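K.L.:
Fold the stuff below for me.
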Amino acid sequence: MRKRAAVLCGAAVVVAGTFTAVPADASAPQNTPTSPTVRAAPAAKPAWKKCGTADYPTLQCASLKVPLDHANPRGRQITLALSRVPHTAKKYQGPLLVNPGGPGGSGLTFAGFIASGLPKAVAAQYDVIGFDPRGVGASKPALDCKPGYFHPVRPDSVPSTAAIERANLQRVRSFAAACGRKYADVLPYIDTVSAVRDMDAIRRALGAQRINYFGYSYGTYLGAVYAKLFPHQVRRLVLDSIVDPTGVWYDDNLAQDHAFNDRHRALMAWIAKYDSTYRLGTDPEQIEAKWYAMRAALAKKPAEGKVGASELEDTFIPGGYYNGYWPYLAEAFAAYVNKKNADPLVEAYENFGAVDASGDNGYSVYTSVQCRDASWPRDWRQWRKDNWYVYEQAPFMTWNNAWYNAPCAFWPTTSLSPVNVANGKLPPALLFQATNDAATPYQGGVTVHRLLADSALVVEQGGGNHGITLSGNTCLDKHLTAYLTNGTVPRGGGEADAVCKALPDPKPPASKAASTSSRGAALHGLLGVRR
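P.N.:
Below you'll find the model as predicted:
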């Protein structure tokens, strides 16, 4: 729910785009059908144009037409927005498609981040390819079911009265109905499998027999499904912060609630450690009680008419993704409690919790994909029972997360079945997982390691951030670099093939600039919505 990074690939000076065929070591047989009944349409080569930025000056952008319905390749076409950082080395290892998650996250700028984060000698061997999945960002049509849906102040997320529950139910029903009215002809085709077939259209348009893939968060499920449907088109596969494919999506969201509650309590313990800075006490449980007292006060009187109880949760949920936000959250918390000053809290909400137009788009795609991908309970009584049960154990995010996903109880399309990603046809894949990740709990990494034969799992022991490679941990990045250089994966004898120690938690910064310039902050500004 954080503000999305701006799409930076706009129209610019046109240059001739070139593509060198993938070398022999990256090739594979091309006679694998995309499905028994679907014949892929030929794909035109992208016409690349300069769209560099100050941070990523070599970025290029293009677009690609794909079928809305891949079962009808000659029917209505939609447009995917693509980006590229082209290879510069003589040794060329083919395209590296990258995805930041979501579903609903834009991947255009992400290509620049990945290319700049890898060692120069490694990045130079790949065309790093970003893309906005169907419905997202600069792709057309881009979904926006109900602009301003998250405009404050929303009803309290905890339905402690029948009136509050009715207000939230009316809200989510109206969102689902708005999507159905605006995009009735599109929603049946906004799903993971359709996005995966788009990825294969990108592969064909690039002239590549096989692709390399690097996905974070929801992007790990996207990559695993691609590998299932197109195993012979996969050359290398990197998955970081891994979705449990056996819980897609209702059970996965309930599992998140427990993990986010643990991370919120980790923040409380961190604040207790720095009592000399924040003056909130040295007992984490007492600090947590002060946080819930702040929540109750904001439910009665929202700060500056912007930050009520639900918006407070929105503001602190990003702290479960990335501990680099902790100093700012702690500062806002302390100012409100100790000085009755809500200004830092409102600023934190605007930085971490508020949803802008790109966030509206991201959420529209998020719900469209998740609601279509798998079956959800259609009886609200089941949601009520399950979420009250979880709330009693993990109150921090449970009802906020429930309402975030609740449009799926009323979604205007039928549901597909989740993809069984079990796969014995792939080259070795490389998986990364932190033990205390909240958004994609640890078990997801273990499960996918088991399901992808010959995969290798690298664990960040004690790590709680979501998205762990290319964010400062040299041990993790060593394994990533070796794999992208020559396909090397670690081989261990236990649950994990390699273990890296987590980076230390941050310290209260001397200035705001001290903790906003890191690779970790850059990565977490780009990762997709919610997953």
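
K.L.:
Assumed Cys371 was part of a strand.
P.N.:
No. According to DSSP: H, G, I helix; E, B strand; the rest coil, Cys371 belongs to no strand; its state is helix.

K.L.:
Can you check the pLDDT for it?
P.N.:
pLDDT for Cys371: 98.

K.L.:
For Gly493, see how far away it is.
P.N.:
41 Å (Cβ to Cβ, to the nearest Å). Glycine gets a C-beta too; all of them are placed from N, C-alpha and C.

K.L.:
How about the residue in this protein that sits furthest from its center?
P.N.:
Going by Cα atoms, centre = their mean, the residue of the chain most distant from its centre is Lys339, 35.7 Å out.

K.L.:
Next one, pLDDT for it please.
P.N.:
At Lys339, the model reports a pLDDT of 98.

K.L.:
Same check on Pro509?
P.N.:
78.

K.L.:
State the helix or strand in which it lies.
P.N.:
Under DSSP states H and E, no helix or strand contains Pro509.

K.L.:
Surely it is in contact with Tyr325?
P.N.:
No. Checked against Cβ atoms under 8 Å, the pair Pro509 and Tyr325 is beyond contact range at 11.3 Å.

K.L.:
Between those two, which is the more surrounded one?
P.N.:
Tyr325 (26 against 14; other Cβ atoms under 10 Å).

K.L.:
Please give me every residue in contact with the more buried one.
P.N.:
Pro318, Gly319, Phe352, His524 (Cβ atoms under 8 Å, 6 or more residues apart in numbering).

K.L.:
ok so the second one is a strand residue?
P.N.:
No. With the criterion set as three-state DSSP, the secondary structure at Gly319 is helix rather than a strand.

K.L.:
That one: neighbouring residues, count only.
P.N.:
Neighbour number of Gly319 under other Cβ under 10 Å is 24.

K.L.:
Repeat that for the last one.
P.N.:
For His524, the tally of surrounding residues (other Cβ under 10 Å) stands at 21.

K.L.:
remind me which residues of this protein are low pLDDT?
P.N.:
Residue ranges of the chain with pLDDT under 70: 1-42, 510-517, 528-529.

K.L.:
what's near enough to touch Leu430?
P.N.:
By Cβ under 8 Å, 6+ apart, the neighbours of Leu430 are Arg236, Leu237, Val238, Leu239, Ser455, Ala456, Val458, His479, Leu480, Tyr483, Val489.

K.L.:
element containing the residue nearest to the fourth one when sequence neighbours are not counted?
P.N.:
It refers to Leu239. In space, and not counting its chain neighbours, Leu239 is closest to Thr220: 3.9 Å by Cβ to Cβ, 6 or more residues apart in numbering. Taking DSSP H and E as the definition, Thr220 sits inside helix 218-229.

K.L.:
same check, this time on Arg84
P.N.:
strand 77-85.

K.L.:
and the angle from the helix or strand following that strand to helix 218-229?
P.N.:
Moving toward the C-terminus from strand 77-85, the next helix or strand (DSSP H and E) is strand 95-99. Relative orientation of strand 95-99 versus helix 218-229 (axes from the mean of the first three to the mean of the last three Cα atoms, to 10 degrees): 130 degrees.

K.L.:
Run the chain-centre distance for strand 95-99.
P.N.:
Strand 95-99 has its C-alpha centroid displaced from the chain centroid by 15 Å (Cα atoms, centre = their mean, to the nearest Å).

K.L.:
Check which helices and strands the following helix or strand past that strand sits against.
P.N.:
Going down the chain from strand 95-99, the next helix or strand is helix 108-117, by DSSP H and E. Applying 3 or more Cβ pairs under 8 Å, 6 or more residues apart in numbering; DSSP states H and E, we find helix 108-117 packed against strand 77-85, strand 95-99, helix 120-123, strand 127-132, helix 519-526.

K.L.:
ok, now with 7 Å
P.N.:
Secondary-structure packing of helix 108-117 (3 or more Cβ pairs under 7 Å, 6 or more residues apart in numbering; DSSP states H and E): strand 77-85, strand 95-99, strand 127-132, helix 519-526.

K.L.:
is it possible to export the ones you listed to TSV including distance to Asp251?
P.N.:
Converted to TSV, the helices and strands packed on helix 108-117 look like this (distance: least, Cβ to Cβ, whole Å):
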stretch	distance to Asp251
strand 77-85	31
strand 95-99	23
strand 127-132	28
helix 519-526	25
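
K.L.:
Which of the ones you listed sits closest to Phe260?
P.N.:
Closest approach to Phe260 among these (Cβ to Cβ): helix 519-526, 15.2 Å.

K.L.:
Let me know the angle separating the closest one from helix 108-117.
P.N.:
Put simply, helix 519-526 runs at 160 degrees to helix 108-117, going by the same axes, to 10 degrees.

K.L.:
need the strands for the chain, in chain order.
P.N.:
49-50, 60-67, 77-85, 95-99, 127-132, 211-216, 234-240, 430-434, 456-461, 498-501 (DSSP state E).

K.L.:
Including distance to Ile271, could those strands go into CSV?
P.N.:
Below are the strands of the chain laid out as CSV (distance: least, Cβ to Cβ, whole Å):
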stretch, distance to Ile271
strand 49-50, 46
strand 60-67, 43
strand 77-85, 39
strand 95-99, 34
strand 127-132, 37
strand 211-216, 28
strand 234-240, 28
strand 430-434, 21
strand 456-461, 23
strand 498-501, 23
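
K.L.:
Which of the ones you listed sits closest to Leu298?
P.N.:
strand 430-434 (30.7 Å).

K.L.:
Quick check: can you name the pairing partners of that closest one and their directions?
P.N.:
Using DSSP bridges, strand 430-434 pairs in its sheet with strand 234-240 (parallel), strand 456-461 (parallel).

K.L.:
which of the ones you listed sits most buried?
P.N.:
Ranked by mean neighbour count under mean count of other Cβ atoms under 10 Å, the strands paired with strand 430-434 are led by strand 234-240, which reaches a mean of 26.

K.L.:
Give me the contacts around that one.
P.N.:
The contact list for strand 234-240 (Cβ atoms under 7 Å, 6 or more residues apart in numbering) reads 26, 94, 210-216, 220, 223-224, 227, 426-427, 429-432, 448, 467-469, 480, 483-484, 487.
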